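> Only the shape, not the letters, is given here:
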């Protein structure tokens, strides 16, 4: 409902005041109150009637406007229907004319070609016969040539395939035996009270895990630093517990992997033998050149008996693991061992060559395990295998 206008307000107030004054003059306060109430009620009824009348007029005006709009739309629709009918009639006439012209053209073409059709048919038959004869001759010769070639190739390929299959089968059996033998030996050596950590995919393979365990316990390597963390950290911690001394420090740039490794250590009761340090990747300087590697402020001072380089991940950048030896060489013990995992990758092979050029006092050998591992020692008798 719309608000009251100023004239309506003044009239209503005036009527209420007049009724109040008149009631007071005739009968005192009681009659004055009744007069004010009656006047107010009368004003409200009057205003309601005025508003209802106004709404009816507005509704009638709106209805009239809508009716005019509908009439206009009906006229426009009729006009469009008329134009569409005229356009359709015109299109049908044009189509009939085109069809008539097309029929005339086809008839003329048939008449023009009928005279020479017999001669053309004869020439076509002779040409097709000559082509078929030539094609049959060439096809027979080519078939004989291909048959002879395929027979020789098939015999040679069959021999090569059989030889390759035997070689692949021998390699697969050798790898499978090596992994099973390594896993069984680990369980025998460690005698864990629960399952060993996963050893497949990107994790350490059983044959290298066994080598690592026997190398550490046999060499009495008490101070071990691992670049990266995971199942190898657990195996190294088992080695420390077996010796009854030593400590492993694994530096890890990935918080998730660090948490997983800490959990594996804790659930096996090995947290006292190994720790995982969060070391985010940062820019380090090597001979004036920038590299992305672990934050060196997080690294232990040394001396380090065994340095296992299994990180950062290869996707960090080219030669991602190269900084390990240049940055930690002065922290290595005189008889320290350096292991570079994933030796089958091209980047790791380039890293090994650069290390040997820059640190000629190191000899090396290649462990032919699942991923391949380079082992470097300060021993000139241990050379490339």
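Noted; the coordinates are in hand. Because the structure is predicted, anything quoted here is derived from the model rather than measured.
> Please count neighbours and contacts with C-alpha atoms only from this point.
OK.
> all strands of the stretch 201-350 of the chain, in order?
Listed in chain order, the strands of the stretch 201-350 of the chain (DSSP state E, counting those that start in this stretch) span residues 223-227, 247-252, 274-278, 281-286, 289-294, 304-309, 332-341.
> Which of those strands sits closest to residue 358?
Nearest to residue 358, of all the strands of the stretch 201-350 of the chain, is strand 281-286, at 12.2 Å by C-alpha to C-alpha.
> what's the angle from the closest one to strand 289-294?
140 degrees (axes from the mean of the first three to the mean of the last three C-alpha atoms, to 10 degrees).
> Partner strands of strand 281-286, with direction?
With DSSP bridges as the test, strand 281-286 is paired with strand 289-294 (antiparallel).
> Return the set of buried residues in the partner strand.
By neighbour count, and taking 16 or more other C-alpha atoms under 10 Å as the criterion, the buried residues in strand 289-294 are 291, 292, 293, 294.
> mind listing what the first one touches?
Shown here is residue 291, whose contacts under the criterion C-alpha atoms under 8 Å, 6 or more residues apart in numbering are 283, 284, 285, 323.
> Just the buried ones from those residues?
Judged by neighbour count, with 16+ other C-alpha under 10 Å as the criterion, the buried members of those are 284, 323.
> Do you know the pLDDT at the residue nearest to residue 212 when sequence neighbours are not counted?
Taking C-alpha to C-alpha, 6 or more residues apart in numbering, and ignoring the residues beside it in sequence, residue 212 has residue 236 as its nearest neighbour in space, at 7.4 Å. Note for residue 236: predicted pLDDT of 97.
> Residue 236 and residue 211 touch, don't they?
No. Between residue 236 and residue 211 there is no contact under C-alpha atoms under 8 Å: 10.8 Å.
> List the residues that contact residue 208.
Residue 208 sits next to 182, 369, 370 when contact means C-alpha under 8 Å, 6+ apart.
> looking at this, the first one is in a strand?
Translated: residue 182. No. When classified by DSSP: H, G, I helix; E, B strand; the rest coil, residue 182 is found to be helix rather than part of a strand.
> From residue 266, how far out is it?
Using C-alpha to C-alpha, to the nearest Å, one gets 24 Å for the distance from residue 182 to residue 266.
> Of these two, give the one with the bigger neighbour count.
Set side by side, residue 182 and residue 266 show unequal neighbour counts under other C-alpha atoms under 10 Å, the larger going to residue 182 at 19 against 14.
> Enumerate every residue touching the more buried one.
Residue 182 makes contact with 206, 207, 208, 209, 210, according to C-alpha under 8 Å, 6+ apart.
> Equivalent analysis for residue 267, please.
Under the criterion of C-alpha under 8 Å, 6+ apart, residue 267 has no contact partners.
> That one and residue 261, how far apart?
Between residue 267 and residue 261 the computed distance is 10 Å (C-alpha to C-alpha).
> quick one: the helices in the protein?
With DSSP state H applied, the chain shows helices at 6-114, 117-190, 206-219, 231-243, 255-267, 324-328, 346-358, listed in chain order.
> Please point out the stretch among these with the lowest average pLDDT.
The minimum mean pLDDT among the helices of the chain belongs to helix 117-190 (a mean of 61).
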